[in-house]
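Q: Requesting a structural model of the entry that follows:
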Amino acid sequence: MNTKTLKIDISSFWHAGTGAGQGALLDSVVEKNDLGLPYLPGRTLKGLLRDAVYRWETLGGYQEHAFNHVTELLFGVWGDDGNETTQGIIRVGSANMDEQFMIAIKHHPEGKKLINYLYAEHFSTKIDEKTGVAVDQSLRGSEMTVPMSLFAEVSIIAHHNDISDDMAFTLLAQAFPLIQAVGKQKNRGLGRAELSWK
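A: Residues are numbered from 1 along each chain as shown. Predicted coordinates:
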């Protein structure tokens, strides 16, 4: 199995949510691993990559290559409308912090305390346009994660007769620039990101 490491440089606060809140204080909290460290789930990252490849393919970005249906080749085909589901040739793992950092924080005597500095609370409310006053019960609190770099393993799990592993990684990388942010509220400047192979 051929594997490459994808690096995600996140340059602004970001929120990869669980869909759950934290009591009366926060309406949404971020995904955390067993150590309490933030991560970007593999299913979320794979969805971002699939969307980027699809858009690049739709825009004609792969015309220089002799491959048709690059999105389906890499990610598979959904089995809707009576069609059979087929698996793509890549697997995308969850994106985590640097492994050496995770080991260091796990064994640090103040590790749990230091982890708290990776998060911040963000509050927003809706303002009535006519009165300029906050609308009742519109205050929302979200947990945010500080800017950081994350790393995910992307693996070729099935070989295709018409494409080499290196070409599959190249086709995927061509769509990286179309992913400009990760997580929630990307249209508000959160989660600005740049992807590259490590």
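
Q: so who does the nearest residue to Y117 once chain neighbours are set aside touch?
A: Nearest non-adjacent residue to Y117, counting by CB to CB, 6 or more residues apart in numbering: V146, 7.6 Å away. C-betas here are computed from N, CA, C, even on glycine. Applying CB atoms under 8 Å, 6 or more residues apart in numbering, we find V146 in contact with F13, Y117, L118, Y119, A120.

Q: Now the third one: closest residue in space, sequence neighbours ignored.
A: It stands for L118. Per CB to CB, 6+ apart, closest to L118 is V146, 5.5 Å.

Q: if we can go back for a sec, could you measure the residue nearest to Y117 against F75, distance?
A: As judged by CB to CB, to the nearest Å, V146 and F75 stand 31 Å apart.

Q: now I103
A: According to CB to CB, I103 stands 32 Å off from F75.

Q: In terms of neighbours, single out the busier of the two.
A: F75 (22 against 11; other CB atoms under 10 Å).

Q: quick one: buried residues of the helix of greatest length in the chain?
A: In the chain, assigned by DSSP state H, the helix with the most residues is helix 42-58. By 16 or more other CB atoms under 10 Å, the buried positions in helix 42-58 come out as G42, T44, L45, K46, L48, L49, R50, A52, V53, Y54, W56, E57.

Q: Export these as CSV, with columns for pLDDT and distance to G141.
A: CSV is the format used below for those (pLDDT from 0 to 100; distance: CB to CB, whole Å):
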residue, pLDDT, distance to G141
G42, 95, 27
T44, 93, 22
L45, 96, 26
K46, 96, 29
L48, 96, 25
L49, 97, 30
R50, 96, 31
A52, 97, 31
V53, 96, 35
Y54, 95, 34
W56, 94, 37
E57, 93, 39
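
Q: Make a markdown table out of these and add distance to G191.
A: Listed next are the buried residues of helix 42-58 as a markdown table, based on distance: CB to CB, whole Å:
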| residue | distance to G191 |
| --- | --- |
| G42 | 17 |
| T44 | 11 |
| L45 | 12 |
| K46 | 16 |
| L48 | 10 |
| L49 | 15 |
| R50 | 18 |
| A52 | 14 |
| V53 | 19 |
| Y54 | 20 |
| W56 | 20 |
| E57 | 24 |
